[in-house]
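# please work out how this folds:
(2 chains)
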Amino acid sequence: MFVANQPASNPILIQLNRLCKAYELTDRSGELINHPVLFDINLTINQSEFVAIMGHSGSGKSTLMNILGCLDTPTSGNYWLSGRDVATMNSAELARIRNQNIGFVFQSFNLLKRMTALENVAIPLLYAGIGRKESLKRSQAMLDLIGLGKYRDHLPNQLSGGQQQRVAISRALINQPQILLADEPTGNLDSQTSHDIMTLFTQLNRNQGITIVLITHENDIASYAHRLIHLKDGHIVEDEARLSN
Amino acid sequence: MNLFVIIGEALRALKLNRLRTGLTMLGMIIGVAAVVLMLSIGQGAQININNTIASMGSHLLIIVPGATSSGGLRFGSGSVRTLTISDAQAVAELPSIEAAAPVISGIAQLSYSANNWSTSITGVTPDYFPVSNWEIADGSIFAEADLRSAIRVAVLGKVTAENLFGNEDPIGRTFRIANKPFLVVGILAAKGQSLSGRDQDDNVFVPITTAQRQILGNQFPGSINHMLVQAKSSDTLDEAEAEITQLLRQRHRITDKMENDFTVRNLTALATVASTTAKVMAWMLGAIASISLLVGGIGIMNIMLVSVTERTREIGIRMAIGASYRIILMQFLLEALFICILGGLMGVALGVGGAWMVSQSTDMPIVVTFNMIGLAFIFVTIIGIFFGFYPARKAAALKPVDALRYE
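Numbering: from 1, shown residues only, chains lettered A, B, ... in the order given. As a prediction, this is how the structure comes out:
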């Protein structure tokens, strides 16, 4: 047993300062309703941390994840990613950040249905401006590494849930991002496969130093992380470091 | 992400939805084919008319005897023959005039061995042939000297020669006009229909003097049906018209208060009107055809909007893994553009094929020019960009989080 990360020793990767998010909705009478989701979130995540964000549905954890992933913008407050204020970036820069610095893993895998496993993995490389041939070569290597090399020409619906999620993880990792954002990655998987995926995350974190931010509502999944953040009604109610197994 | 990869993605998306792509493309195909076909038919008609105009001769004026009135009775134009051969000779002397060719015409029965044929007999001077752009195919035309002696020689139009002589070579043979023997000295090259639709090749030309004295007879000796006048250039046509009018009024002793007893018509002006009409028709046909192209373009926009809505989640995923605004915009724009350009290619093929079929089944000349095809392509590209841009922008402007959440 060892303590996985000493936050003090690693540089800060993510810093949220008094971050708020509210949605504007129109009700039936056409009136604008301000629907706040996140309140004054202050959060610092260092490089190579493995963080689980927990909370019930409606706690704002998915919104927080979308903001961390530069898919959504906060209503107020600041978000510094590697020391850069995300609010100052234009849409092209944000696309580049999502492509190069962040890898996404979703509950529903979100693979492109009509593309083979290999092609799915290759898209981020293509978006990064790498040639098709080289992209496919690297993707093959990635699939081999993750143990799905022989499924390269399968379409997503020809793969099991666990296989699909591992293809999605390959896609998330192909551009060697600093952060892996996983939104309920095991939500659609059985417990054995969930365990396999979480083991893979642990290895990635330990061996390659990839920062992992995981969203889950299951305690046993969260227990793989080294730091637990509890979110309730848009507030951080608990932030504990824990020993990893 | 380089352009080729985006092109590949766009093509793949189109291939995945073959039926839909094909049907959308059909709109373009039909539109482009219609435009190409209509323009080529229009162009063909125009060339037809231009050929006819060229066959008439250039910068021509035609002078016909005018309306006259006698004791309160008004006679129609040409009912009284006020023009004479000596009028034509005088007109030919005018400074702005190149040549003047007096013409008398009538109908007579021709016969050769067992064949006989009724056609128009035109009495002319040798000047008539260059002025009205006749070319000699075989033999020669008669000379000025033949005119003075009023000898019986004839130059045949192609159709008349064929009808009368069949496969025989008519040159040097003798046939009969109104039972009088005539020697064939020349055959004219075919000219085709006139603007009024008359077959110009069904004709016999004889010296004007011979026609007057020996075939058609004449109640007023020396009078003619009309005269063709060729001006020195098309710039001096108006000047020529004025000079002729002045000269003929003087020769016919017409006082200031009286109307002309002749009319000068500008054939080139008439021809220009016909040509302009054909051009307008061609463009109008093209414009009507391009409406179908427009409708095709709207079809593309429609299907692209559906496609964007259908693929919202895909767009969200692509954005999450790094597709920028530009990439999404390009991908959807290229899809629309491909439908247009591929449809355009097939449409051009179909249009050219259709034009070929029209030209085979009618004897109209059909002209397909590269300009036309180029025009169709430019049009199609503009339609692709114009109708593809809005859906593409709609796709690219989606917020990643909203697109991802879309069910």
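# do a quick rundown of the helices in chain B.
Under the criterion DSSP state H, chain B contains helices at B:3-16, B:18-56, B:85-92, B:128-131, B:144-149, B:158-165, B:208-210, B:237-251, B:267-310, B:312-320, B:325-361, B:370-396, B:400-405.
# reformat those helices as a markdown table; add mean neighbour count.
(Each C-beta comes from the backbone N, C-alpha and C, glycine too.) Formatted as a markdown table, the helices of chain B follow (neighbours: other Cβ atoms under 10 Å in any protein chain shown):
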| stretch | mean neighbour count |
| --- | --- |
| helix B:3-16 | 16 |
| helix B:18-56 | 21 |
| helix B:85-92 | 19 |
| helix B:128-131 | 20 |
| helix B:144-149 | 13 |
| helix B:158-165 | 21 |
| helix B:208-210 | 23 |
| helix B:237-251 | 17 |
| helix B:267-310 | 17 |
| helix B:312-320 | 23 |
| helix B:325-361 | 21 |
| helix B:370-396 | 19 |
| helix B:400-405 | 20 |
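# now do the residue most central in space within chain B against chain A, distance only.
In chain B, the residue lying closest to the centroid (Cα atoms, centre = their mean) is residue B:46, at 2.0 Å. For residue B:46, the distance to chain A equals 50 Å [Cβ to the nearest Cβ, to the nearest Å].
# OK, contacts around the spatially closest residue to that residue that is not a sequence neighbour?
Leaving aside its chain neighbours, residue B:46 sits nearest to residue B:278 (4.3 Å; criterion: Cβ to Cβ, 6 or more residues apart in numbering or on different chains). Applying Cβ atoms under 8 Å, 6 or more residues apart in numbering or on different chains to residue B:278 gives the contacts B:42, B:45-46, B:48-49.
# out of those, the closest to chain A would be?
Within those, the smallest distance to chain A is 45.1 Å, found for residue B:42 (Cβ to the nearest Cβ).
# so what's that closest one closest to, chain neighbours aside?
Excluding the flanking residues, the one nearest residue B:42 by Cβ to Cβ, 6+ apart is residue B:282, at 2.4 Å.
# state the helix or strand in which the residue lying farthest from the centre of chain A lies.
Taking Cα atoms, centre = their mean, the residue of chain A most remote from its mean C-alpha position is residue A:29, at 37.4 Å. Counting by DSSP states H and E, no helix or strand carries residue A:29.
# please apply the same query to residue A:99.
Assigned by DSSP H and E, residue A:99 belongs to helix A:91-100.
# and the spatially most central residue of chain A, how far from residue B:223?
Centroid check for chain A by Cα atoms, centre = their mean gives residue A:181 as the closest residue, at 0.9 Å. Distance, residue A:181 to residue B:223, using Cβ to Cβ, to the nearest Å: 106 Å.
# hmm, who's touching stretch B:283-299?
B:24, B:27-28, B:30-32, B:34-35, B:37-39, B:41-42, B:340, B:343, B:379-380, B:383-384, B:386-387.
# what's the average pLDDT for it?
Summarised as a single mean, pLDDT over stretch B:283-299 is 87.
# again with stretch A:170-183
Taken as a whole, stretch A:170-183 has an average pLDDT of 94.
# what sits against the residue in the stretch 201-350 of chain B that chain A sits nearest to?
Proximity of the stretch 201-350 of chain B to chain A (Cβ to the nearest Cβ) peaks at residue B:322, 2.4 Å away. Residues near residue B:322 by Cβ under 8 Å, 6+ apart: A:95-96, A:98-100, A:124, A:127-128, A:175.
# so where is chain A shaky, pLDDT-wise?
Counting by pLDDT under 70, chain A shows low-confidence ranges at A:1-9, A:243-245.
# that one against chain B: which residues are in contact?
Proximity of chain A to chain B, by Cβ under 8 Å from any Cβ of the partner chain, involves residues A:66, A:69, A:71-72, A:91-92, A:95-96, A:98-100, A:104, A:110-114, A:123-124, A:126-129, A:131-132, A:171-172, A:175.
# ok, and the closest non-adjacent residue to residue A:182?
Closest residue to residue A:182 apart from its sequence neighbours, by Cβ to Cβ, 6+ apart: residue A:105 at 4.1 Å.
# isn't that neighbour right up against residue A:177?
No - using Cβ atoms under 8 Å as the test, residue A:105 is too far from residue A:177 to be in contact (11.0 Å).
# pick out the residue of chain A closest to chain B.
Residue nearest to chain B within chain A: residue A:99 (2.4 Å; Cβ to the nearest Cβ).
# can you pull out the strands in chain A?
In chain A, the strands defined using DSSP state E lie at A:12-26, A:32-46, A:50-54, A:76-81, A:84-85, A:102-105, A:179-183, A:211-216, A:227-232, A:235-241.
# and the lengthiest strand in chain B, which residues are buried?
In chain B, with assignment by DSSP E, the single longest strand is strand B:97-112. By neighbour count on 16 or more other Cβ atoms under 10 Å in any protein chain shown, the buried set for strand B:97-112 is B:97-106, B:108, B:110, B:112.
# so residue A:165 sits right up against residue A:183, yeah?
No - in this structure, residue A:165 is not within contact of residue A:183 by Cβ under 8 Å, at 11.8 Å.
# ok, those two, which is more surrounded?
More neighbours surround residue A:165 than the other of residue A:165 and residue A:183, with 28 against 22 (other Cβ atoms under 10 Å in any protein chain shown).
# up against chain A, what does the stretch 1-150 of chain B have?
Counting by Cβ under 8 Å from any Cβ, the residues of the stretch 1-150 of chain B close to chain A are B:1-2, B:4-5, B:8, B:12, B:16.
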